[in-house]
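**Q** Here's my sequence, what's the structure:
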Amino acid sequence: MKRPAWFRCRSSRPSGRRDPVTVWLTEIAALCEPECMATLQSKSLLPPGTSAGGACDLPALTLVADARNAVRTLQLRAHVISAEFVKLCQQMEQGSLDQAPPLVQSLVGHVTEFVRGCHGGAAVCAKDCCSEEESALLTACDRLRFAAVPSLMPLDPEEIAGHVASLGHAFTHVVDLVLSREIQVLVTVLEDADSELAQRSALSGLAALGLEGAHLSRLVAQCGGVRALLSVAIDSRSSPVRATALRALATICCVAEAVREFEKAGGVEIIADVLTESGRETASGKRRRSEMEASEAAAVLAQITAPWMEDNDSVEGLVEHIRPIVHALARLVEETRSTETLLLAAAALANLTFMEPRAVWPLVESGAAQKLLEAVRAAGPRIPASVFLREQAATLIANMAAVPETRTHLAGSGDSSGRTVTALLCFLQVRHSPLQRVNEISAAERLQQKSAIALSRLCSDPEVSKQVVEMQGVSRLVRLCVDERERNHSDGVLIACLAALRKISANCGTKVIEDLGAMDLVEPRLLDSFLLYSSRQESYV
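**A** Numbers count the residues shown, from 1 in each chain. Purely as a prediction, here's the structure:
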């Protein structure tokens, strides 16, 4: 019988004429050892460029991934239960108590399943819950279920409404408790991270939570997330990690509670140091802080001083560091070639003038307004952030012009005479387009309004009024008043333009306005002119 080739190779013996290695190579071509292949496949191979020590990061990365998944799952479950609450409340508002018992049973079932999920799916009752909050939630479920049991007596809507409200408060409390537990995991990983990879993972998780909305940002602040992010921004040796920490901080500081934690940790001083050090060089000629870090620091500053944030009229430490902050931002505006960095620095400067009026003096010292206008001119109108950048520039000038002593500086003299007025008149030429997105249309409307406000304040100076007339700016102001489509039907733009026209007519006479046939914009009372051209035909009596 003819034997297979592999058997012949296996049974062959090396002769004295053949090298053992050659014989082994001949045999190995026909042999297969399954157990060796299985062993190799079971080994954990690290990605290229990763040292063996990177395996130590796996527990931290696993904790971060589990926490993020838990938060996502919790949000989905809470959304389902919230929908059950809405159904029950709608039926009660309509007086349909017949449908209340099944809806109550469904709601209680979902809540009980939610609590069971928090304990790994094990059956739970009020006595064996791991926390008082969960026990109170299950007790509220029992009370609501008993109140909605069909009986000979009609259901009491007030009693059921009270139990539903109690259940809602208890459920919200438990959800916040579980969310805080998972958020604390992320904060702990960030504080105890021994590697850049673990830090980046935790930072990504916290930033993602901040993007979810104000409520999660509050919970992150309560769990010490703001202080942890500031620590990384100071202590990390990696510039990209420090910049990522500042970016996450800007995301979290969208609520007053986070800003208060920012104040307690000395955040303003830290941001001032980052901005200032970005302009200093080491002995080797490199910047102490990269422009990326300065850009993210400007984003944090713009966020904590945002005028739309509720219960945030002032930020502790801002007055003490206002001068170095403004000078550093002005230098950043002048030096950067990044449109995003320019927009963030401009927004920070504009927001500072809202929150701290004393910022106008370092703004005058640094020439920030002129530097910003020059940067806007150099950037051109075709960049993606053009309308938003011009809006911030107009806002800065309008807020500075509210202080009479700054108007001479803004109007300029010598070679710079008229540059501010020219820029504002160019800003007034912007028009919204149906092709633009909603936020771009809104920004264009605000740009017109802020530019007109700035002109009305600057036109208190007769010389500025003459410049507007000479540059044919009156015709554009009149057009914005009489044609509501030009101003996107905004009454705010109308009022600002009317105020500017009246300042110009007071300083330069009414001839130019008469030539345009628009005396009804300046002759009667301001209220009469407003009612005549307002987009809203309402009675203001």
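
**Q** in the stretch 351-500 of the chain, what spans have low per-residue confidence?
**A** Where the stretch 351-500 of the chain drops to pLDDT under 70, the residues are 381-385, 413-417.

**Q** can you map out the helices along it?
**A** For the stretch 351-500 of the chain, the helices defined by DSSP state H, counting those that start in this stretch occupy 360-366, 368-379, 386-401, 407-411, 419-428, 438-458, 462-470, 473-482, 491-508.

**Q** May I see those helices organised as a markdown table, with distance to residue 318 and mean neighbour count added?
**A** C-beta here means a position set from N, CA and C on the backbone, and glycine is covered the same way. Shown next, in a markdown table, are the helices of the stretch 351-500 of the chain (distance: least, Cβ to Cβ, whole Å; neighbours: other Cβ atoms under 10 Å):
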| stretch | distance to residue 318 | mean neighbour count |
| --- | --- | --- |
| helix 360-366 | 12 | 19 |
| helix 368-379 | 16 | 20 |
| helix 386-401 | 15 | 25 |
| helix 407-411 | 23 | 20 |
| helix 419-428 | 26 | 22 |
| helix 438-458 | 23 | 23 |
| helix 462-470 | 31 | 19 |
| helix 473-482 | 35 | 21 |
| helix 491-508 | 28 | 22 |
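
**Q** tell me the phi and psi of residue 490?
**A** phi -90, psi 120 (degrees, to the nearest 10).

**Q** That one contacts residue 535, doesn't it?
**A** Yes - Residue 490 lies in contact with residue 535 (Cβ atoms under 8 Å); the separation is 7.4 Å.

**Q** So which of these two has more stuff around it?
**A** A direct count of neighbours by other Cβ atoms under 10 Å for residue 490 and residue 535 places residue 490 higher, at 20 against 14.

**Q** Excluding residues flanking it in the chain, which one is nearest the more buried one?
**A** Leaving aside its sequence neighbours, residue 490 sits nearest to residue 445 (Cβ to Cβ, 6 or more residues apart in numbering; 5.0 Å).

**Q** Now do that neighbour against residue 438, distance only.
**A** From residue 445 across to residue 438, the span is 11 Å (Cβ to Cβ, to the nearest Å).

**Q** Tell me how many other residues crowd the nearest residue to residue 177 once chain neighbours are set aside.
**A** What sits nearest to residue 177 in space, not counting adjacent residues and going by Cβ to Cβ, 6+ apart, is residue 133, at 5.3 Å. By the measure other Cβ under 10 Å, the count of residues near residue 133 is 16.

**Q** One more: residue 186?
**A** Applying other Cβ under 10 Å, I find that residue 186 has 26 neighbouring residues.

**Q** Kindly report the same for residue 253.
**A** Neighbours around residue 253, by other Cβ under 10 Å: 29.

**Q** Show the secondary-structure elements that whichever strand or helix holds residue 230 is packed against.
**A** Per DSSP states H and E: residue 230 is located in helix 225-235. Counting contacts by 3 or more Cβ pairs under 8 Å, 6 or more residues apart in numbering; DSSP states H and E, helix 225-235 is packed against helix 157-192, helix 196-211, helix 239-252, helix 256-264, helix 267-277.

**Q** what pLDDT, on average, does it get?
**A** Per-residue pLDDT over helix 225-235 has a mean of 95.

**Q** in it, what counts as buried?
**A** Buried residues in helix 225-235, counted by 16 or more other Cβ atoms under 10 Å: 225, 226, 227, 228, 229, 230, 231, 232, 233.

**Q** Likewise for stretch 69-82?
**A** Here stretch 69-82 shows 70, 71, 74, 77, 78, 81 as buried, counting by 16+ other Cβ under 10 Å.

**Q** Equivalent analysis for stretch 158-178, please.
**A** 160, 163-164, 166-168, 170-171, 173-178.

**Q** CA atoms of that stretch as CSV?
**A** Output of stretch 158-178 as CSV, limited to C-alpha atoms (Å, rounded to 0.1, in the frame of the first residue of the first chain):
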residue,chain,number,x,y,z
GLU,A,158,-56.7,64.4,43.2
GLU,A,159,-55.3,61.4,45.2
ILE,A,160,-54.0,59.8,42.0
ALA,A,161,-52.4,63.1,40.8
GLY,A,162,-50.7,63.4,44.2
HIS,A,163,-49.3,59.9,44.0
VAL,A,164,-48.1,60.4,40.4
ALA,A,165,-46.3,63.6,41.4
SER,A,166,-44.6,61.8,44.3
LEU,A,167,-43.6,58.9,42.0
GLY,A,168,-42.2,61.4,39.5
HIS,A,169,-40.0,63.1,42.1
ALA,A,170,-38.8,59.8,43.5
PHE,A,171,-38.0,58.5,40.1
THR,A,172,-36.1,61.6,39.1
HIS,A,173,-34.1,61.3,42.3
VAL,A,174,-33.2,57.7,41.7
VAL,A,175,-32.2,58.4,38.1
ASP,A,176,-29.9,61.2,39.2
LEU,A,177,-28.4,59.0,41.8
VAL,A,178,-27.6,56.2,39.3
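
**Q** which residues does residue 245 contact?
**A** 203, 229, 230, 232, 233, 236 (Cβ atoms under 8 Å, 6 or more residues apart in numbering).

**Q** run the last query once more with 6 Å
**A** The contact partners of residue 245, taken as Cβ atoms under 6 Å, 6 or more residues apart in numbering, are 203, 229, 232, 233.

**Q** cool, residue 277 as well?
**A** 288, 289.

**Q** and the gap between it and residue 196?
**A** Counting by Cβ to Cβ, the gap from residue 277 to residue 196 is 21 Å.

**Q** what about residue 404, distance to residue 178?
**A** 56 Å.

**Q** got it, and residue 338?
**A** 40 Å.

**Q** ditto for residue 387
**A** The value you get for residue 387 to residue 178, if Cβ to Cβ is used, is 43 Å.

**Q** Check residue 238 too.
**A** For residue 238, the distance to residue 178 - Cβ to Cβ - is 33 Å.

**Q** Residue 400: what's it in contact with?
**A** Counted by Cβ under 6 Å, 6+ apart, residue 400 has contacts 360, 406.

**Q** going forward, begin numbering at 768 instead of 1
**A** Got it, the first residue is 768 from now on, which makes the last one we talked about residue 1167.

**Q** gap between it and residue 828?
**A** 49 Å.

**Q** Now tabulate the helices and strands packed on helix 992-1002 in TSV and tack on mean pLDDT.
**A** As requested, the helices and strands packed on helix 992-1002 are exported to TSV (pLDDT from 0 to 100):
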stretch	mean pLDDT
helix 924-959	92
helix 963-978	92
helix 1006-1019	95
helix 1023-1031	95
helix 1034-1044	94
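
**Q** Of all those, which one is nearest residue 1261?
**A** helix 1023-1031 (33.3 Å; Cβ to Cβ).

**Q** Give me the domain ranges for this structure.
**A** 768-802, 827-947, 1184-1195+1210-1215+1228-1308 (automatic domain parsing).

**Q** Report the separation between the two terminal residues of the second one.
**A** I take that to be domain 827-947. 18 Å (Cα to Cα, to the nearest Å).

**Q** Stretch 1119-1136 too?
**A** Termini of stretch 1119-1136 sit 13 Å apart (Cα to Cα).

**Q** Which of the helices and strands packed on helix 992-1002 sits closest to residue 1094?
**A** helix 1034-1044 (8.2 Å).

**Q** Kindly export the closest one (C-alpha atoms) in CSV.
**A** The C-alpha trace of helix 1034-1044 is given here as CSV (Å, rounded to 0.1, in the frame of the first residue of the first chain):
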residue,chain,number,x,y,z
GLY,A,1034,-10.6,78.6,37.2
VAL,A,1035,-10.3,82.2,36.1
GLU,A,1036,-6.7,82.4,37.3
ILE,A,1037,-5.9,79.2,35.5
ILE,A,1038,-7.5,80.4,32.2
ALA,A,1039,-5.6,83.7,32.5
ASP,A,1040,-2.3,81.8,33.0
VAL,A,1041,-3.0,79.6,29.9
LEU,A,1042,-3.7,82.6,27.7
THR,A,1043,-0.8,84.6,29.0
GLU,A,1044,1.7,81.7,28.7
